[in-house]
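**Student:** 3D model of this:
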Amino acid sequence: MRFTSLLLITCLLFFINNSFTQETKSERKQQKKLERKARDKYLNAGIGFAWMSAKDKATSPLLYSGLIGLSNLEYLVHSDKLIKTFDLAVGAGYLKTNKDTHYGLTRGYETGIYFNFRFTHIYRVMLLVNNKINWYLGPALDFSNYSRINFKYGNALYNYEYMTGVGLSTRFEFPFSYKSKDCKLLGMKLRRRDRDLRLSWQLYFPVFTSIYRPGYVTIINFADPETPLINPDNLKTGLFTYFHISSEVELYYKLHNGNMLKLTYLWEFHQYNPGYNKVQGSLNGLYFSFIFKFNKK
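**Tutor:** Below is the predicted model:
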């Protein structure tokens, strides 16, 4: 009798605990669903320009630089605790060198192409400076391509570096605002409306990396059909096979309908030196973006 009572009590406690656990899991699942729904979701479309520089010793020791057009498309998920971005940027333009390259008669020109896709998934680590600055940290996946086309090199006209990196991204955000105010401009009375703004700085650098570059001989082999288009020997993978750092400073201007305007300063630098055919390049860009909010509140 005592054993039967003890068994019944044990079963009852098990069912109560299981029901409580299931209820807790359901509440957590519902809470996470509400948190995901509450996150702000945006589509960002930007256009601007950048100063691109490159020195590729596979073809020339000269530094080529010039102004390129730059465009950007980004999907942004934003909340106080989490930020996710899917960012695509492309650019193209003419680069030139100030050195004479053809027996003192002409200057060298080449076409510079830039392509970048980056996914970041960062979490708020802590609040800084009296809880005014949010610090985020998390993983990032990056694919970048820098290409140069110079027809003066004949069948060695195309040179490039395709880089893929898995690394870290960190971001600092400072939300601030100003109140409405009456002011005068050219004798006219104007009323400045209250606005919310956000200043952010995001930094990315890869750790586990993979890069594909032309070999020591950069001439395109068109005479031998047995030569593969992609040579596995030219693919290098490991920790820090190349150096790449990207910095973005962004100023968000929030509109009252939930959309935003954004001004971005982009700076990037990369370098790869396997002992031969060293290449390095930089990008300084400024672009303006319209940001459209999906989930209106």
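**Student:** Tell me how many other residues crowd the closest residue to residue 242 other than its chain neighbours.
**Tutor:** Spatial nearest neighbour of residue 242, chain neighbours left out: residue 272 (4.1 Å); criterion: Cβ to Cβ, 6 or more residues apart in numbering. In short, each C-beta sits where N, CA and C put it, glycine included. For residue 272, the count of nearby residues is 21 (other Cβ atoms under 10 Å).
**Student:** partner residues bridging residue 272?
**Tutor:** Counting by DSSP bridges, residue 272 is bridged to residue 279.
**Student:** before we move on, what about residue 72?
**Tutor:** Under DSSP bridges, the beta-bridge partners of residue 72 are residue 46, residue 89.
**Student:** how close does the residue nearest the centre of the chain sit to residue 45?
**Tutor:** Centroid-nearest residue in the chain, with Cα atoms, centre = their mean: residue 118, separated by 4.3 Å. Going from residue 118 to residue 45 by Cβ to Cβ, to the nearest Å gives 16 Å.
**Student:** do residue 55 as well
**Tutor:** As judged by Cβ to Cβ, residue 55 and residue 45 stand 32 Å apart.
**Student:** Settle it for me: which of those two has more neighbours?
**Tutor:** residue 55 (17 against 12).
**Student:** which phi and psi does that one have?
**Tutor:** Dihedral angles of residue 55 (phi, psi; degrees, to the nearest 10) stand at phi -130, psi 110.
**Student:** unless I'm mixing things up, it is touching residue 273, no?
**Tutor:** No. The criterion here is Cβ atoms under 8 Å, and residue 55 misses it with residue 273 at 11.4 Å.
**Student:** circling back to that earlier point, state the helix or strand in which the residue nearest to the centre of the chain lies.
**Tutor:** If you go by DSSP states H and E, residue 118 is part of strand 107-128.
**Student:** Who does that strand pair with, and is each partner parallel or antiparallel?
**Tutor:** Strand 107-128 sits in its sheet next to strand 82-100 (antiparallel), strand 133-149 (antiparallel), going by DSSP bridges.
**Student:** Turn these into JSON lines, columns for mean neighbour count and distance to residue 70.
**Tutor:** As requested, these are exported to JSON lines (neighbours: other Cβ atoms under 10 Å; distance: least, Cβ to Cβ, whole Å):
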{"stretch": "strand 82-100", "mean neighbour count": "17", "distance to residue 70": "4"}
{"stretch": "strand 133-149", "mean neighbour count": "18", "distance to residue 70": "13"}
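**Student:** Identify whichever of those strands lies nearest to residue 244.
**Tutor:** Among those, the nearest to residue 244 by Cβ to Cβ is strand 133-149 (7.0 Å).
**Student:** Tell me where this protein has helices.
**Tutor:** Remark: helices assigned in the chain by DSSP state H are 2-38.
**Student:** so where's it uncertain?
**Tutor:** Low-confidence segments of the chain, defined by pLDDT under 70: 1-38, 99-107, 180-193, 216-229, 296-297.
**Student:** Recalculate using a threshold of 50.
**Tutor:** 104-106 (pLDDT under 50).
**Student:** how about residue 80, phi and psi?
**Tutor:** Torsion angles, degrees, to the nearest 10, at residue 80: phi -70, psi -30.
**Student:** Tell me which residues of the strand holding residue 118 come out buried.
**Tutor:** Residues of strand 107-128 classed as buried by neighbour count (16 or more other Cβ atoms under 10 Å): 108, 110-114, 116-118, 120, 122, 124.
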